[in-house]
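A.B. asks: based on what follows, work out the 3D shape:
(chains A and B)
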Amino acid sequence: MTATWQVPAIVRLTVVSSNGYTSSAGERNEKPLERSWVECPDATQMESPDVVKSEPALSQYLHDPDVQLMLRAKRGDDAAFSQLVESYQDRLVAVLFHLLGNQEAAEDLGQEVFLRIYRNRSKYEAKAKFSTWMFHIANNLASNWRRDGARRREASLAGSDSGPLGARPQEQLLAEKSALMPARVLDRNETQSLVRAALESLSDRQKMAVLLHKFEQMSYIDIAATMDLSPQAVKSLLSRARENLKAYLEPFF
Amino acid sequence: MAIMSDETPQSPSFTEKLVAYLDGELPEAATREVEQALSSDPAMRSDVEKLNRAWELLDLLPRPNASGEFSSRTLATLQVVDGTTELVAEPETAPTVALDTSAPRPLAVSPLVAWSAGLVVVSLLGFAVGRMTARPNSDVWLDDLTLIEHIDVYRELGNADFLRDLKQRGVLDERRPPEPR
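C.D. replies: Residues are numbered from 1 along each chain as shown, chains lettered A, B, ... in the order given. A predicted model of the protein is given here:
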């Protein structure tokens, strides 16, 4: 069957997916693109192979006021960079908080994200929205953080299912308790804990895609750019994520 | 309906389509087809409603702000980094793990190493100053050259009292005639 899901026309002009827009779902669609930003000499550069280097695409991002701030920062305007930090700190920390599971780690990693951006400001090119670039760096750092954390836990706490990345014990208990009597009415705090547990039940990539879509209102195209995936892979990822969320929360509707 | 003809409501591609519809990511033609299907299929409508409800519940997730000191702490760190950027330049061709948090960082100098280095520097400075201010041995020998040349005579004389005695008697005064005996 030919693809029925298509990207908006304005995006089709600038984006060519290496995987093509097939409508079949599956893990293969979630594989990262063969060449990604991470494989570039400098992973903080916006050098997605899927983005056609054309003037219209470039000028499109120049209208982004945050891109303008970043270009000023590139020219040595530290006040412009401070403005970016002030504008994005809460958004970044909120996403990282749910990715990493605690505020302290979220702030540490958030600081590291800004540090990476600042260090690489001289190489910055306006080939995407500033937020896409920033969350791309955040996603990579969070992946490394989780990987290193998993290694540490393997070394020190083999067999334990608690910790910042797992479902919080309290929420886990609530979910188990509520599952026994799904018909009862939950108060707001309980519902919030359940929703957090539902989010925790997603894979890391599903969680990131959900957070970017929900918190940042990112389009599939922007999420794809942020996570080094094809738009079709993002479509599959979000579809499975929403199915999982529905399955987890449905007993409490 | 054409769009749904080879899909079942349980198939992943069908769900993808519904989710893309909810996300507003379907093109206009596909959106119309989904809407037609929804209007004629109550089960599908119920499924979409549940998907939507679960999604809306995510609005309850907390969105914690950065702490009050976050920006000031971050900007202070950036200033420190900026000051050392030239000393700790990143490699031109960073490896594929350029965003790895375990990437090498500037080495921290331990207090022991710092003290040792300071001690060596002070020692070298002391040595250099000593070399510059101390007179060479040869200069001291030149000053005492006359004494050295007559050292054998001085040894025979024994002590200075004898010389003073000779001087009082005028023996050492060559221009004075000797006293009559």
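A.B. asks: rest of the way, CA atoms for contacts and neighbours
C.D. replies: Noted.
A.B. asks: average model confidence for the host helix or strand of A:Ala247?
C.D. replies: Per DSSP states H and E: A:Ala247 is located in helix A:231-249. Average pLDDT, helix A:231-249: 96.
A.B. asks: what residues sit buried inside that helix?
C.D. replies: A:231-246, A:248-249 (16 or more other Cα atoms under 10 Å in any protein chain shown).
A.B. asks: domain map for chain B?
C.D. replies: B:2-60, B:135-181 (automatic domain parsing).
A.B. asks: measure B:Ala114 to B:Val121 for me?
C.D. replies: B:Ala114 sits at a distance of 11 Å from B:Val121 (criterion: Cα to Cα, to the nearest Å).
A.B. asks: just say helix, strand or coil for A:Gly76.
C.D. replies: coil (DSSP: H, G, I helix; E, B strand; the rest coil).
A.B. asks: next, give phi and psi for it.
C.D. replies: With angles defined as degrees, to the nearest 10, A:Gly76 sits at phi 100, psi 10.
A.B. asks: also B:Leu61?
C.D. replies: phi -60, psi 140.
A.B. asks: that one touches A:Val195, doesn't it?
C.D. replies: Yes: assessed by Cα atoms under 8 Å, B:Leu61 is found in contact with A:Val195 at 6.8 Å.
A.B. asks: those two: which is more packed in?
C.D. replies: For the pair B:Leu61 and A:Val195, the greater number of neighbours falls to A:Val195 (24 against 17), based on other Cα atoms under 10 Å in any protein chain shown.
A.B. asks: in contact with the more buried one: list those residues for me.
C.D. replies: Going by Cα atoms under 8 Å, 6 or more residues apart in numbering or on different chains, A:Val195 touches A:249, B:57-58, B:60-61.
A.B. asks: please repeat the previous calculation with a cut-off of 10 Å.
C.D. replies: Going by Cα atoms under 10 Å, 6 or more residues apart in numbering or on different chains, A:Val195 touches A:171, A:175, A:189, A:201, A:245, A:248-249, B:54-55, B:57-61.
A.B. asks: send the alpha carbons of the helix or strand hosting it over as PDB?
C.D. replies: Using DSSP H and E, A:Val195 sits in helix A:188-200. Output of helix A:188-200 as PDB, limited to C-alpha atoms (Å, rounded to 0.1, in the frame of the first residue of the first chain):
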ATOM      1  CA  ARG A 188      -6.300  14.900  41.700                       C
ATOM      2  CA  ASN A 189      -3.100  13.900  43.400                       C
ATOM      3  CA  GLU A 190      -3.800  10.200  42.800                       C
ATOM      4  CA  THR A 191      -4.600  10.800  39.200                       C
ATOM      5  CA  GLN A 192      -1.500  12.900  38.800                       C
ATOM      6  CA  SER A 193       0.600  10.000  40.300                       C
ATOM      7  CA  LEU A 194      -1.100   7.600  38.000                       C
ATOM      8  CA  VAL A 195      -0.300   9.700  35.000                       C
ATOM      9  CA  ARG A 196       3.300   9.900  36.000                       C
ATOM     10  CA  ALA A 197       3.400   6.200  36.400                       C
ATOM     11  CA  ALA A 198       1.800   5.800  33.000                       C
ATOM     12  CA  LEU A 199       4.500   8.000  31.500                       C
ATOM     13  CA  GLU A 200       7.200   6.100  33.300                       C
END
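A.B. asks: which helix or strand lies directly C-terminal to it?
C.D. replies: helix A:204-214.
A.B. asks: hey, what's the angle from that next one to helix A:188-200? Just curious.
C.D. replies: 130 degrees (axes from the mean of the first three to the mean of the last three Cα atoms, to 10 degrees).
A.B. asks: identify each buried residue in helix A:204-214, please.
C.D. replies: Quick answer for helix A:204-214 (16+ other Cα under 10 Å): A:204-213.
A.B. asks: what of stretch A:66-86?
C.D. replies: A:66-74, A:78, A:80-82, A:84-85.
A.B. asks: got it, and stretch A:90-107?
C.D. replies: A:90-101, A:103, A:105-107.
A.B. asks: so which of those residues are in helices?
C.D. replies: A:90-100, A:103, A:105-107 (DSSP state H).
A.B. asks: the residues you listed: which ones sit near chain B?
C.D. replies: Contacts with chain B are made by A:90-98, A:103, A:106-107 out of these, judged by Cα under 10 Å from any Cα of the partner chain.
A.B. asks: closest to B:Ser11 out of those?
C.D. replies: A:His98 (29.8 Å; Cα to Cα).
A.B. asks: against chain B, how distant is A:Ser219?
C.D. replies: 8 Å (Cα to the nearest Cα, to the nearest Å).
A.B. asks: alright, that wraps it up for me.
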